[in-house]
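# got a predicted model here, sequence first, then my questions.
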Amino acid sequence: MKKVVQRSNDRGHADYGWLKTKYSFSFADYYNPKRTGFGKLLVLNDDIISPKRGFGKHGHKDMEIITIVFKGELTHEDSTGSIGKIGSGEIQVMSAGTGILHGEMNNSDETVELFQIWIRPDKLRVKPGYETKSFDLKENELNLVVGNQENDNLFINQDAKIYLVKLNKEKLISYNLKKNKGIFLIVKSGNIKIKQENLKEKDSIEIWDISEVEIESLEDSEFVLIEVPLN
């Protein structure tokens, strides 16, 4: 097994007043030549957005952009005519494709906390699309929320998967990993152990070159697990 661990305090960070953010990979003014992505995963930003503020209209293309809201509510508006709200516990997928302008605003009186994830697509110049969904998460299971199969999960244009997991104390869960795939796991809360490596809140690990990964919870824990192609 090969692995790279990033502790929470070792992430990049920025404070724009209205936005406080931590970067798992190089982004905006933060550049770390050793942290430019993991396979097709390019970005995982851990954002806190102040009330009545947000991201004004800006453009993307040829990128799968996933937003997981943990607290508060964002209002989404884009150039396809889509307008909607993304609340706590909901996930948004946006395929930028041929090009899209969008904005995300916190119009409420409380802060918004979210992860934003960028994954490079396997198809370029697709028609832009947007979808939001909430999920009834089952404890001690791998809850698939994003993937490239059009089932109950949100769809993206890449052979990648995103799982949300709530693992009770002293529970063990296994993940089978295919050749040429890797997993990026970030702890939302709690304390887990993988191959003698303890990971606490906002610590992350990248794992590859192994067929099965065992994840043990040392206390009630929540984490996001992302499987991506490595090339």
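Okay, I see it. The shown structure was predicted, so the numbers you read here are calculated from the model rather than taken from an experiment.
# pull out the buried residues from stretch 220-231.
Using 16 or more other CB atoms under 10 Å as the test for burial, stretch 220-231 gives 221-229. C-beta: built from backbone N, CA, C; applies to glycine.
# list the contacts of it.
For stretch 220-231, the surrounding residues in contact (CB atoms under 8 Å, 6 or more residues apart in numbering) are 38-41, 44, 68, 115, 117, 119, 122, 142, 158-169, 175, 177, 180-192, 208, 215.
# equivalent analysis for stretch 38-48, please.
By CB under 8 Å, 6+ apart, stretch 38-48 touches 4, 11, 19-25, 27, 36-37, 63, 111-120, 158, 160, 181-182, 184, 186, 202, 204, 206, 226, 228-231.
# list only buried entries from these.
By neighbour count, with 16+ other CB under 10 Å, the contacts of stretch 38-48 hold 11, 19-25, 27, 37, 63, 112-120, 158, 160, 181-182, 184, 186, 202, 204, 206, 226, 228-229 as buried.
# give me the subset of those residues lying in strands.
Here DSSP state E is the test, and the buried ones among the contacts of stretch 38-48 give 19-23, 112-119, 181-182, 184, 186, 204, 206, 226, 228-229 as lying in strands.
# distance between the ends of stretch 91-109?
Start and end residues of stretch 91-109 are separated by 21 Å (CA to CA, to the nearest Å).
# ok, now stretch 3-21?
OK, stretch 3-21 end separation, CA to CA: 25 Å.
# give the buried residues for that stretch.
Across stretch 3-21, burial judged by 16+ other CB under 10 Å covers 3, 6, 8, 11-12, 19-21.
# how far off centre is it?
14 Å (CA atoms, centre = their mean, to the nearest Å).
# so where's the chain shaky on pLDDT?
For the chain, no stretch is flagged by pLDDT under 70.
# all helices for it, in order.
Along the chain, counting by DSSP state H, no stretch forms helices.
# how many other residues sit next to E77?
Per other CB atoms under 10 Å, the neighbour tally for E77 reads 16.
# quick one: contacts for it?
By CB under 8 Å, 6+ apart, the contact list for E77 reads 57, 83, 102-103, 105.
# so what sits opposite it in the bridge?
Listed by DSSP bridges, the beta-bridge partners for E77 are I83, G103.
# coming back round to it: what subset of the contacts of E77 is buried?
By neighbour count, with 16+ other CB under 10 Å, those hold 102, 105 as buried.
# just the contacts of E77 now: which is nearest T75?
Of all those, T75 sits closest to M105, with 4.9 Å by CB to CB.
# quick one, what contacts the spatially closest residue to that closest one that is not a sequence neighbour?
Nearest non-adjacent residue to M105, counting by CB to CB, 6 or more residues apart in numbering: G54, 3.4 Å away. Going by CB under 8 Å, 6+ apart, G54 touches 74-75, 103-107.
# R7 now?
Residues in contact with R7 (CB under 8 Å, 6+ apart) are D203.
# middle-most residue in the chain, spatially?
Against the mean C-alpha coordinate of the chain, by CA atoms, centre = their mean, the closest residue is I117 at 4.1 Å.
# OK, contacts around the nearest residue to that residue once chain neighbours are set aside?
Leaving aside its chain neighbours, I117 sits nearest to I66 (4.3 Å; criterion: CB to CB, 6+ apart). Applying CB under 8 Å, 6+ apart, we find I66 in contact with 91-94, 116-119, 146, 154, 156, 162.
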